[in-house]
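> Here's a sequence, model it:
(one chain, ligands or ions: 2)
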Amino acid sequence: MRLVYFSYTSTWLSRPDVSTTTKWLAPIVWEDTFDLTVIDNIYKPQNITVATTFFALGKYVRFLKEVLESAEQHFMVGYRVHYYVFTDLPDEVPTVTLGEGRQLTVKKTASSNRWQEISLRRMEMIEKLIEDEVINKADYIFSLDVDSKFYAHWGAESLGDLVGTLHAWLYGTSREQFTYERRPESQAFIPLDEGDYYYGGAVIGGRPDKVLKLVKTCRMNLDVDRANKIEAVWQEESHLNKYFLYNKPTKLLSPEYLWDDRKGKPSFMKVVRFSQVEKNYAEIRPNP
Ligand SMILES: CC(=O)N[C@H]1[C@@H](OP(=O)(O)OP(=O)(O)OC[C@H]2O[C@@H](n3ccc(=O)[nH]c3=O)[C@H](O)[C@@H]2O)O[C@H](CO)[C@H](O)[C@@H]1O
Ligand SMILES: [Mn+2]
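Ligands and ions are numbered 1, 2, ... in the order given. So this is what the prediction gives:
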């Protein structure tokens, strides 16, 4: 009787191989832990808009075509999506046919001669974007790495107030091995005996006001570090991990939402939804 009852109301029994909630009772989204029909019935009537940022500075502009085309096939299909593409090369933004209710805005942005700087400056650009536009126009926002491709469904099950994503390479390793910033001089410092998960900088999401607080805090801490002439080991990703330690995400996306093409697929990975594509670091980045 009991099992029958559970199968009606919950999906938690379907994934005994992975943890599906955090210690603070935020869901961790895995294949077979949600019923998309139920979820779409919640969000579709709300006619929500999902803002989505991609930064494509310098040679990273070449990743836009594949990530946007695959997003049109798999990302928030059936929902309003507003892509914001930040680039120093607006003429090289490819023309991608967008589905109904989907639009793309190009934002011309100055580049930098250091990839670390390009990556971390996303925080202040997203801060400004949310304040200027997104806060009044969109219901949710995602910031996604551009050197990526969608391979399978990514839908409304990913929505939440504040959404963090488990990093493919650090998933399942112990806390001491997490590549947090370990120097106390940095604002991103996390001691060895603290930390819940290692979150990837490539996928951040949530309600615009919640993400605004996150990017603003990280930007301010990056500014303090800069004034103190220290750069965290993984730039804004380190500051993101610090932020999530004290401001817990309300939903976690499993590594299905942030895989890596170079990585073999363990049995717990029933589906790869979004993955980092292979790149020649020496060729594509402005500096080593
Ligand atoms: C999977 C994952 O979590 N990746 C994170 C990781 O390394 P990654 O190796 O994924 O960093 P990356 O080279 O992809 O850079 C991050 C992002 O910055 C942009 N970009 C970078 C360089 C450039 O010349 N032009 C350009 O546009 C682009 O949007 C790219 O996707 O650490 C970075 C910070 O150090 C970021 O936190 C990344 O999100
Ligand atoms: Mn990347």
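
> How confident was the prediction at the residue in the stretch 151-288 of the chain that ligand 1 sits nearest to?
Using CB to the nearest ligand atom, the closest approach of the stretch 151-288 of the chain to ligand 1 is made by residue 201 at 2.2 Å. No exception for glycine: its C-beta is placed from N, CA and C like everyone else's. We have a pLDDT of 98 for residue 201.

> So which residues on the stretch 101-250 of the chain come close to ligand 1?
By CB under 6 Å from any ligand atom, the residues of the stretch 101-250 of the chain that approach ligand 1 are 115, 118-119, 145-147, 167, 200-202, 234-237.

> can those residues go into CSV with extra columns for secondary structure, distance to residue 194 and neighbour count?
Listed next are these as CSV, based on DSSP: H, G, I helix; E, B strand; the rest coil; distance: CB to CB, whole Å; neighbours: other CB atoms under 10 Å:
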residue, secondary structure, distance to residue 194, neighbour count
115, helix, 28, 18
118, helix, 29, 24
119, helix, 24, 20
145, coil, 26, 20
146, coil, 31, 22
147, coil, 30, 20
167, coil, 17, 23
200, coil, 19, 26
201, coil, 19, 23
202, coil, 23, 22
234, coil, 17, 21
235, helix, 20, 25
236, helix, 19, 26
237, helix, 17, 24
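
> Next, the contact list for the residue nearest to residue 92 when sequence neighbours are not counted, please.
Nearest in space to residue 92, with sequence neighbours left out and distances taken as CB to CB, 6 or more residues apart in numbering, is residue 61 at 4.7 Å. Applying CB atoms under 8 Å, 6 or more residues apart in numbering to residue 61 gives the contacts 87, 89, 92, 93.

> Pull the contacting residues for the residue of the stretch 151-288 of the chain closest to ligand 1.
Per CB under 8 Å, 6+ apart, neighbours of residue 201: 119, 145, 234, 235, 236, 237, 240.

> just residue 175 next, same as before
With contact taken as CB under 8 Å, 6+ apart, residue 175 is in contact with 192, 193, 194, 195.

> Quick one: residues contacting the residue nearest to residue 190 when sequence neighbours are not counted.
In space, and not counting its chain neighbours, residue 190 is closest to residue 180: 4.0 Å by CB to CB, 6+ apart. Contacts for residue 180 (CB under 8 Å, 6+ apart) come out as 188, 189, 190, 195, 198, 233, 238, 241, 242.

> In space, what's closest to residue 83 - neighbours in sequence excluded?
Excluding its sequence neighbours, the residue lying closest to residue 83 (CB to CB, 6+ apart) is residue 104, at 4.3 Å.

> what does residue 44 give?
residue 78 (7.0 Å).

> still on that earlier bit, would you turn the contacts of residue 175 into CSV with pLDDT, distance to ligand 2 and neighbour count?
Shown next, in CSV, are the contacts of residue 175 (pLDDT from 0 to 100; distance: CB to the ion, whole Å; neighbours: other CB atoms under 10 Å):
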residue, pLDDT, distance to ligand 2, neighbour count
192, 96, 27, 10
193, 96, 29, 7
194, 97, 26, 13
195, 97, 22, 17
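
> ok, of these, which one's closest to residue 15?
Lowest distance from residue 15 to the contacts of residue 175 (CB to CB) belongs to residue 195, with 23.6 Å.

> ok, the closest residue in space to residue 187 that isn't next to it in sequence - how many residues close by?
Nearest residue to residue 187, sequence neighbours excluded (CB to CB, 6+ apart): residue 221, at 3.7 Å. Residue 221: 20 surrounding residues under other CB atoms under 10 Å.

> Thank you kindly, that will do.
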